[in-house]
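Student: No sequence on hand, only this structure:
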């Protein structure tokens with residue numbers, strides 16, 4: 001792939017992926033705010049209790065074979081159809097298991113209504129299995145424009161359905177409908193726009209190759225989803241749906257920022273870095289740029305989110321969600337290095353070392369378990385604070401292999417990120433001073449946000465950060481293209 005072509009694809013991919021993610025996250029954010037005002041924390045808590053089952057099931061269905069299709073060099077039609085058939089059959093099997101085990105899930109949480117909710121909500125598993133191959137094909141072609149259109153349509157239709165039902169007092173079923181209608185819309189729109197027609201051909205050889213690569217990612221995916229959602233189970237079991245509702249809302253606010261940036265970069269960089277796996281020097285150079293660009297965006301955003309959590313929650317969600325504030329502040333710092341850790345793990349998938357990916361992931365398990373054992377009796381806030389500690393430790397573990405394989409480990413990454421960390425610290429100081437004496441929540445939010453972005457931009461310019469120059473160049477190019485049109 002030529003340098004110019006690769007750069008053009010990367011720029012286009014990042015732009016459309018950014019449009020996709022920001023449009024989706026903004027749409028979900030606004031829809032979530034409306035639903036949070038119409039519904040009660042308990043409704044969100046009930047859905048949160050089932051998140052782990054759906055997340056792990058989704059990992060089983062994909063089995064890492066979607067990533068296998070992207071990573072594989074010489075793909076054939078039989079590879080795509082094999083993955084499609086496997087995904088669908090596994091999804092049906094998993095749904096049947098969840099359908100018949102739903103009374104046990106309800107009994108575990110002592111929530112009888114979860115039986116029916118589980119049986120309806122988990123239909124999502126079968127529906128989502130129908131789009132994995134199409135999404136992989138679009139990702140391979142770096143066609144994030146089509147993905148953006150599909151995702152935005154699904155979010156809007158699912159969200160509007162949920163709002164209408166919430167207005168009519170359907171409670172938790174509004175959230176169930178949001179998931180199902182959104183998934184169905186996604187299937188219809190991606191089938192129409194991708195123009196790919198599935199077949200029922202299945203190749204044992206193709207399955208063996210793709211599953212050989214994907215099986216390690218499957219185990220790692222199940223483990224990661226379990227680890228990511230294990231707090232939902234602990235809070236739902238040890239406390240109440242209301243407490244879990246506060247926890248999931250705080251987490252969703254933070255994921256709006258950290259999750260968006262991470263998802264954009266991960267989605268775009270994986271196929272591009274995969275195309276450079278035979279040119280290690282160039283691959284590592286781009287990988288290093290991605291680390292710096294990610295920290296350039298995520299560090300100030302998450303810090304600002306923590307500093308302005310109080311006025312933001314009071315204005316957006318209202319007083320009934322006041323418990324979210326402290327959780328959101330700690331969550332912001334728990335997720336501040338998460339995108340960097342994801343990229344460090346992603347590079348192992350790029351070079352085909354799914355075995356190392358799994359080993360590194362499993363190495364973090366004892367740390368999380370110890371943290372949970374210590375903090376569960378102390379309350380939900382203590383559990384979130386523990387995630388700050390474990391995320392920092394996880395960063396060093398995740399950066400170990402890149403350091404060993406490419407000479408770009410934790411210390412080298414921290415050295416590259418140090419000017420950004422200093423710029424973020426100075427921004428935080430200015431925001432604290434500006435908002436300290438303000439009593440009005442609207443003024444705190446407005447002046448805090450403006451002073452934060454202005455201070456960070458000025459300090460980044462003084463430090464001559466290359467990332468600021470690249471952002472400016474990208475914006476200039478986009479403006480020129482818009483004027484040309």
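Tutor: Alright, I've got the coordinates. Keep in mind the model is a prediction, meaning the values are calculated, not measured.

Student: From residue 196, how far out is residue 140?
Tutor: With distances taken as CB to CB, to the nearest Å, residue 140 is found 11 Å from residue 196. For every residue, glycine as well, the C-beta is placed using N, CA and C.

Student: Just the element for residue 111, please.
Tutor: Taking DSSP states H and E as the definition, residue 111 sits outside all helices and strands.

Student: pLDDT score for it?
Tutor: pLDDT for residue 111: 89.

Student: Ok, residue 213 next?
Tutor: Looking at residue 213, the pLDDT reads 65.

Student: Skip the chain neighbours and tell me the closest residue to residue 46.
Tutor: The shortest distance from residue 46 to any non-neighbouring residue, by CB to CB, 6 or more residues apart in numbering, is to residue 172 (5.1 Å).

Student: can you tell me which residues contact the one you found?
Tutor: 39, 42, 43, 46, 47, 113, 117 (CB atoms under 8 Å, 6 or more residues apart in numbering).

Student: Buried only: go through those residues for me.
Tutor: Applying a neighbour-count criterion of 16 or more other CB atoms under 10 Å, the buried members of the contacts of residue 172 are 39, 42, 43, 46, 47, 117.

Student: ok, those vs residue 380, which is closest?
Tutor: Nearest to residue 380 out of the buried ones among the contacts of residue 172 is residue 42 (CB to CB; 14.9 Å).

Student: my guess is the closest one contacts residue 245, does it?
Tutor: Yes. Contact status for residue 42 versus residue 245: in contact at 5.9 Å, counting by CB atoms under 8 Å.

Student: what about the closest residue to residue 451 other than its chain neighbours, which helix or strand?
Tutor: In space, and not counting its chain neighbours, residue 451 is closest to residue 434: 4.5 Å by CB to CB, 6+ apart. Assigned by DSSP H and E, residue 434 belongs to helix 410-436.

Student: Return the distance of that helix from the chain's centre.
Tutor: The chain centroid and the centroid of helix 410-436 are separated by 24 Å under CA atoms, centre = their mean, to the nearest Å.

Student: ditto for stretch 190-199
Tutor: With CA atoms, centre = their mean, you get 25 Å for stretch 190-199.

Student: Now tell me what touches it from outside.
Tutor: So stretch 190-199 is in contact with 77, 80-81, 84, 130-131, 133-135, 137-138, 146, 149-150, going by CB under 8 Å, 6+ apart.

Student: and that stretch, what's its mean pLDDT?
Tutor: In the prediction, stretch 190-199 has an average pLDDT of 78.

Student: Repeat that for stretch 39-47.
Tutor: 86.

Student: circling back to that earlier point, other SSEs contacting whichever helix or strand comes after the helix holding residue 434?
Tutor: Sequence-wise, the next helix or strand downstream of helix 410-436 (DSSP H and E) is helix 441-462. Under the contact criterion of 3 or more CB pairs under 8 Å, 6 or more residues apart in numbering; DSSP states H and E, helix 441-462 touches helix 280-307, helix 309-316, helix 410-436, helix 466-484.

Student: Run the angle between helix 441-462 and helix 410-436 for me.
Tutor: For helix 441-462 against helix 410-436, the angle by axes from the mean of the first three to the mean of the last three CA atoms, to 10 degrees is 140 degrees.

Student: Please enumerate residues in contact with helix 441-462?
Tutor: Residues from elsewhere that reach helix 441-462, judged by CB under 8 Å, 6+ apart: 296, 300, 304, 307-308, 310-312, 314-315, 420, 422-424, 426-427, 430-431, 434-435, 438, 467-468.
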